[in-house]
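>>> Below are the sequence and a predicted model for it; my questions follow.
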Amino acid sequence: MMRLVTLLAALFSLLLALPALAQSPSATVESPDKALSVSVAIGPEARANYTVSRNGKPVIAPSLLGFQFTDGPQFARDLEITNVTRSSFDESWTQPWGEWRTIRNHYNEMRVRLREVNRLHRIIDVVFRVYDNGVGFRYEFPDQPNLKTANIAEELTQFSIAEPATAWWCPAFESNREEQLYNKTPIAEIGTAQTPLTLKTASGLYVAIHEAALVDYSGMNVAKVQGGLLKAVLTPSSSGPKVSRAAPFPTPWRVLLISPDAPGLYMANSLILNLNEPNKLGDVSWVKPMKYVGIWWGMHLDQQSWASGPKHGATTANVMKMIDFAAANGFKGVLVEGWNVGWDGDWFADGRTFSFTKPYPDYDIEKLTAYARSKGVVIIGHNETSANIAHYEDEMRGAFDLYQKLGITAVKTGYVADAGGVQWRAPDGSIRFEWHEGQVMARHHLPVVTEAAKRRIAIDAHEPIKDTGLRRTYPNWVSREGQRGMEYNAWGVPKNPPNWESELVFTRMLGGPFDFTPGVLSLKGRGDTDILSTIAKQLALYVVIYSPIQMAADLPENYAKYPAAFQFIKDVAVDWDDTRVLNGEIGEYVTIARKAKGSNDWFLGSVGDDTARSFDVSLDFLSSGEAYTAQIYRDGDDADYRTDKRHSIVIETRKVKKGDVLKIALAPGGGQAIRFKAGR
């Protein structure tokens, strides 16, 4: 008997010594409406995993959590859950500008502490916020003796999609940064993709993977492992670790938007804003949404040049004409590219020759800013850096000081360079090459935005780091590029396809505003080549592709040729109280209605692909008891982007009210734009 007791005691001691074999309890949290649930558990090899379910059906099957470090073992196995706390949060907050005036931030939170049982006894918290339409989770590194600095080689975060799915994905790590066409493939054919990555499962559920609050960290991409199993892949660094941070710190949020339909997926994107910190800038009433024109499209058509010489576009005479055009048509800004010394020669290769304060001799910056001001117009400065951030960081504060003095209230920054071509000055003074979405660039953009804010300057970043909702925290970061915009229709390399914009809404646009630069009514690119669009679609893009700054991109003489269509561009709002996605399927069609800020007027935009289609839309979004005049700009019955009838348009008006039904007819490559003007 004594021997049996001794053996049992020894077995008990062995079990205590092998905690990796033990199963820690799981932890679960539900969304406020109880439709979504997230569970965290310790599985085989004592690895931590999470699952996501919707109405009891798996969306994300067990997916691993953890990290690989460059100076220590993985944080991946021999883990236990040592503490779980839960809380709820519900508030509404007001945007200074945006797609919705008020956003509700309502979630249930679960904080799970993971601790290594063996080895270093390191601790990492995983925090889940579960909304009715999605999930955000992040890691938080507490201060601790065995993990003072996290030198992260890779995240081990997984996304195991529970069902077969179709994916819309844009390749990562290609030479042209983010500006790639989307692939539509089975999930098993994904390579390495940028985020947002959008999926439609076999049962019809829509899921998008993205991130929020990308601060001092490397941007996340997603790669296929096998089947429906995806994993996080952080953007590389020249320094070895993809991320190096001193604890304590949080990672960005990993975001899953989940919806039973495509319109709901877009409507869920406010979740990304909610996962960012509130406004840190204080009074931002000086940030002014606007429509603008510019010295820009002529360069892409090769009629003008950025460089000095006989074709130079940014001359005093040309800009004065553009200021007059803006003022006459109600536009509040004039973008001027190529105004500053540095564009001569191979500016793409280096960027060290750019001056951000010295204009070319034929550009009188003081005269032009004063003239613009007298006309109620502002000059939008342009700072192309060629991604030489070492040079730009030396120069930008002096440049912003000058712009503040001159009354330049907005700057378009540019980081044109091949992927991996960012030039950064390391702490030892050497120049190293980095990626546009690495930790170095996440660090770079915030000083640009905050230094600009000190001088009441808004920033529109091109060739940027991805949008992860930081515009909530820094509302002067008004827009950015980060995909193929209208300029690709000038170059023809190839041109954007007819389904491009209806694809963008449910992919790139889930991240945030896009300075797409629509409104090319000529429908002509370089060499008189055709743009794959109807004229009505160019109008609809002002509603469909959201940005608080919208360019009327075409040349003034082309607007003079199409004054009736141009009227919609002059009338359309850029800042909104409400947004509704009325219908849509990824890469096929989408219809969006937006309510102008501080007004009862609504605007509708609908765009399609290369197929003619028609459908009814209910006007339930209109205000009750209000009479409206619908000013309709629709494709003509013979309109077709493939023929010489791409300019065929019908402009008509009719009286409508809440609850009426309108038929929307889209030509191949077409669109429809409507202004619902309140009042009798």
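Received the coordinates, thanks.
>>> ranges for the strands of the stretch 151-300 of the chain?
In the stretch 151-300 of the chain, the segments counted as strands under DSSP state E, counting those that start in this stretch are 158-161, 165-169, 183-186, 192-193, 197-201, 206-212, 220-226, 229-234, 243-246, 249-250, 253-259, 290-295.
>>> hmm, who's touching the fifth one?
By CB atoms under 8 Å, 6 or more residues apart in numbering, the residues outside strand 197-201 that reach it are 59, 161-169, 187, 190, 206-210, 222, 230, 262, 265, 506-507, 510, 586. For glycine as for every other residue, the C-beta is placed from the backbone atoms N, C-alpha and C.
>>> Those residues, buried ones only, as a PyMOL selection?
The buried residues among these can be selected in PyMOL (16 or more other CB atoms under 10 Å) with this line:
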select buried, resi 59+161+162+163+165+167+168+169+187+190+206+207+208+209+210+222+230+262+265+506+507+510+586
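>>> hang on, the earlier thing: can I get the strands of the stretch 151-300 of the chain in CSV with distance to residue 551 and mean pLDDT?
Output for these, formatted as CSV (distance: least, CB to CB, whole Å; pLDDT from 0 to 100):
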stretch, distance to residue 551, mean pLDDT
strand 158-161, 36, 98
strand 165-169, 26, 98
strand 183-186, 28, 98
strand 192-193, 29, 98
strand 197-201, 26, 98
strand 206-212, 25, 98
strand 220-226, 29, 98
strand 229-234, 33, 98
strand 243-246, 35, 98
strand 249-250, 36, 98
strand 253-259, 28, 99
strand 290-295, 6, 98
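>>> so which of those comes closest to residue 437?
strand 220-226 (8.1 Å; CB to CB).
>>> mind listing what the closest one pairs with, with the direction of each?
strand 192-193 (antiparallel), strand 229-234 (antiparallel) (DSSP bridges).
>>> angle of that strand against strand 165-169?
Angle of strand 220-226 versus strand 165-169, following axes from the mean of the first three to the mean of the last three CA atoms, to 10 degrees, is 140 degrees.
>>> Does residue 553 touch residue 515 like I think?
No: the criterion here is CB atoms under 8 Å, and residue 553 misses it with residue 515 at 10.3 Å.
>>> can you map out the helices along the stretch 201-350 of the chain?
262-267, 270-274, 297-300, 316-329 (DSSP state H, counting those that start in this stretch).
>>> same thing with the stretch 501-650 of the chain?
Going by DSSP H, counting those that start in this stretch, the stretch 501-650 of the chain shows helices at 535-544, 556-561, 563-571.
>>> for the last one, which positions count as buried?
Right, the one you point to is helix 563-571. For helix 563-571, a neighbour-count test (16+ other CB under 10 Å) marks 565, 566, 567, 568, 569, 571 as buried.
>>> you'd agree the fifth one is up against residue 542?
It refers to residue 569. Yes: under the criterion of CB under 8 Å, residue 569 is in contact with residue 542, at a separation of 6.6 Å.
>>> Overlap in contacts, the two.
With CB under 8 Å, 6+ apart as the test, residue 569 and residue 542 both reach residue 519.
>>> which residues are common contacts for residue 553 and residue 515?
Common neighbours of residue 553 and residue 515 (CB under 8 Å, 6+ apart) do not exist.
>>> shaky segments in this protein?
Within the chain, the stretches with pLDDT under 70 are 1-24, 680.
>>> Domain-wise, how is it divided?
With domains defined by the TED database, the chain comprises 26-275, 277-483, 487-679.
>>> Now do the contacts for residue 30.
Counted by CB under 8 Å, 6+ apart, residue 30 has contacts 36, 37, 38, 108, 130.
>>> Reformat the residues you listed as TSV; add secondary structure and neighbour count.
Below are the contacts of residue 30 laid out as TSV (DSSP: H, G, I helix; E, B strand; the rest coil; neighbours: other CB atoms under 10 Å):
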residue	secondary structure	neighbour count
36	strand	23
37	strand	19
38	strand	24
108	strand	22
130	strand	24
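>>> so who does the nearest residue to residue 574 once chain neighbours are set aside touch?
Nearest residue to residue 574, sequence neighbours excluded (CB to CB, 6 or more residues apart in numbering): residue 289, at 4.6 Å. By CB under 8 Å, 6+ apart, the contact list for residue 289 reads 97, 478, 548, 549, 574, 575.
>>> Kindly report the same for residue 578.
100, 101, 594, 595, 621.
>>> What distance do you get for the residue nearest to the third one when sequence neighbours are not counted to residue 593?
Nearest-residue entry for residue 594: residue 576, 4.6 Å, with adjacent residues in sequence omitted and distances by CB to CB, 6+ apart. Taken as CB to CB, to the nearest Å, the spacing of residue 576 relative to residue 593 amounts to 10 Å.
>>> Over to residue 305?
On the measure of CB to CB, residue 305 and residue 593 end up 41 Å apart.
>>> how distant is stretch 533-546 from the center of its chain?
Per CA atoms, centre = their mean, to the nearest Å, the displacement of stretch 533-546 from the mean C-alpha position of its chain is 19 Å.
>>> can you check stretch 373-392 too?
On CA atoms, centre = their mean, the centre of stretch 373-392 falls 21 Å from the chain's centre.
>>> Give me the buried positions along that stretch.
377-392.
>>> quick one: terminal-to-terminal distance for that stretch?
27 Å (CA to CA, to the nearest Å).
>>> One more: stretch 282-302?
Taking CA to CA, stretch 282-302 runs 43 Å from one end to the other.
>>> Could you do stretch 131-145 as well?
First-to-last residue span, stretch 131-145, CA to CA: 35 Å.
>>> Compute the distance from the centre of that stretch to the centre of its chain.
Counting by CA atoms, centre = their mean, stretch 131-145 comes out at 21 Å from the chain centroid.
>>> Please identify the helix or strand for residue 448.
Assigned by DSSP states H and E, residue 448 falls within helix 439-454.
>>> got a list of contacts for the helix or strand just after that helix?
Sequence-wise, the next helix or strand downstream of helix 439-454 (DSSP H and E) is strand 458-462. For strand 458-462, contacts defined as CB under 8 Å, 6+ apart pick out 287-288, 380, 409-416, 445, 448-449, 452, 476-481, 515, 549.
>>> Parallel or antiparallel, list what pairs with whichever helix or strand comes after strand 458-462.
Using DSSP H and E, the helix or strand that follows strand 458-462 in sequence is strand 477-480. Note on strand 477-480: by DSSP bridges, its sheet partners are strand 458-462 (parallel).
>>> buried stuff in the partner strand?
458, 459, 460, 461, 462.
>>> coming back round to it: just tell me which of the helices of the stretch 501-650 of the chain ends up closest to residue 501.
Comparing the helices of the stretch 501-650 of the chain under CB to CB, the one sitting nearest is helix 535-544, at 6.0 Å.
>>> May I have that closest one as CSV, with CA atoms only?
Only the C-alpha atoms of helix 535-544 are listed here, as CSV (Å, rounded to 0.1, in the frame of the first residue of the first chain):
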residue,chain,number,x,y,z
ILE,A,535,-18.9,59.9,-68.4
ALA,A,536,-21.7,59.1,-66.0
LYS,A,537,-19.4,56.7,-64.1
GLN,A,538,-16.9,59.5,-63.7
LEU,A,539,-19.5,61.5,-61.8
ALA,A,540,-20.7,58.6,-59.7
LEU,A,541,-17.1,58.1,-58.4
TYR,A,542,-17.4,61.2,-56.3
VAL,A,543,-19.9,59.4,-54.2
VAL,A,544,-18.6,55.9,-54.4
